[in-house]
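Colleague: Here's a sequence, model it:
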Amino acid sequence: RREGVMLRLNPNMVIDHFQDTDTSFIPIVNHLFKGLEMVVLNANQPPHKVTKSYIESLIYQHGGKKVQNPTRHTSMLIAAKKDQIRVKTWIESCEKGENMYGDKDIVHVSWILDCCKENKRIPLHPRYMIYTSKDTQRLFTESMDPYGDSYTELLNESLLKHIMQQMEKPAQPLSIKPTLFSNPRQFFSQMVCFIATQTLPQRYQQTPILENWLCCYGATIESIISHKVTHIILDASFFKLSSNLQQHHHVDHPRLFYLMKEDAKRYAAMMVDFQFIQQTLSASSLSINPFLVF
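Modeller: Numbering: from 1, shown residues only. I've put the predicted structure just below:
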């Protein structure tokens, strides 16, 4: 500051990595990221010469929600660099169990680009992870070997390259359930599922772990209820008429249940409580408890 010259700061100025992207002119082309709330921390790192604004536009364009700061509803964070202060702080707080928003994944920006390129939501994989939450790590442990080779998914060229690179490193022993992988099966291979995310407990709304479980064991996920859908996955307790409904005054629970039931009838789909997924994986066999079907 030179003598006699006063510097004035623009009160409306926002630091670049907190700057929101104007999506008012961007059309939504599909629902690839429907139900996911994401925070883009940073984006530009070779070979992906993209901007934070571009990634946020892709998220919005493909049906997702982008926010500038994490909330309890945030599904994951997106980044390209691990050495940024916000990334380091997030990882440190999660590892210490002190993160007020919960233990959430930080996923590499290449996952967004690959999903958009292939026009499908690719299941999370170690090759995409900058930070892996405990829930996601548990999923990886149960669904792939120490090198990242899935027990249920077909290999492609990029995945094979990643696995070969990992094989050059000493493998860390994993705690694996022998019952699952002595005879690996795609338990949900005949299922095409629509997940009613808004009915699920908050833990399952904040992370796509339920969807990842289904995909890893063979299911196909649809973003809308149609003739393709065989199962509608939801939380039955969400629709119980009790005093708890007063806490969710913004949702018409009985009407939502009625509409889903009508869709299920129209498309001959089965409405199943989400707990059957966990029961199937625990029992290592596909057996839907009749009490979970309604």
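Colleague: ok, then the element right after the longest helix anywhere in the chain?
Modeller: Of all the segments of type helix in the chain, defined by DSSP state H, the longest one is helix 253-266. Helices and strands here follow DSSP states H and E; after helix 253-266, the next one along the chain is strand 270-273.
Colleague: Buried ones in that next one, by neighbour count?
Modeller: 271, 272, 273 (16 or more other Cβ atoms under 10 Å). (Each C-beta comes from the backbone N, C-alpha and C, glycine too.)
Colleague: can I assume residue 272 is in contact with residue 229?
Modeller: No. In this structure, residue 272 sits apart from residue 229 without contact. The criterion is Cβ atoms under 8 Å, and the distance is 11.5 Å.
Colleague: And the helices in this protein, which stretches?
Modeller: 52-61, 85-95, 109-118, 134-143, 157-167, 178-181, 202-206, 209-216, 253-266, 275-283.
Colleague: can you list the ones you listed in CSV and add mean pLDDT and distance to residue 190?
Modeller: What follows is those, written out as CSV (pLDDT from 0 to 100; distance: least, Cβ to Cβ, whole Å):
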stretch, mean pLDDT, distance to residue 190
helix 52-61, 94, 31
helix 85-95, 93, 37
helix 109-118, 92, 23
helix 134-143, 81, 18
helix 157-167, 55, 24
helix 178-181, 37, 18
helix 202-206, 69, 23
helix 209-216, 81, 12
helix 253-266, 76, 17
helix 275-283, 78, 13
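Colleague: Including distance to residue 28, could those helices go into a markdown table?
Modeller: Rendered in a markdown table, the data for those read as follows (distance: least, Cβ to Cβ, whole Å):
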| stretch | distance to residue 28 |
| --- | --- |
| helix 52-61 | 6 |
| helix 85-95 | 28 |
| helix 109-118 | 13 |
| helix 134-143 | 27 |
| helix 157-167 | 28 |
| helix 178-181 | 38 |
| helix 202-206 | 20 |
| helix 209-216 | 20 |
| helix 253-266 | 21 |
| helix 275-283 | 29 |
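Colleague: how much space between residue 78 and residue 23?
Modeller: Here the distance between residue 78 and residue 23 works out to 16 Å (Cβ to Cβ, to the nearest Å).
Colleague: Same drill for those two, tell me which one is more crowded.
Modeller: Between residue 78 and residue 23, counting by other Cβ atoms under 10 Å, residue 78 is the more crowded of the two (24 against 15).
Colleague: hang on, isn't that one packed against residue 36?
Modeller: No. In terms of Cβ under 8 Å, residue 78 does not count as a neighbour of residue 36; the distance is 10.2 Å.
Colleague: Give the intersection of the neighbour lists for the two.
Modeller: Between them, residue 78 and residue 36 share these contacting residues under Cβ atoms under 8 Å, 6 or more residues apart in numbering: residue 59.
Colleague: neighbouring contacts of stretch 264-275?
Modeller: In this structure, residues lying in contact with stretch 264-275 by Cβ under 8 Å, 6+ apart are 194-195, 200, 204, 210, 225-227, 229-236, 260-261, 263, 288, 292-294.
Colleague: Sweet, I'm off.
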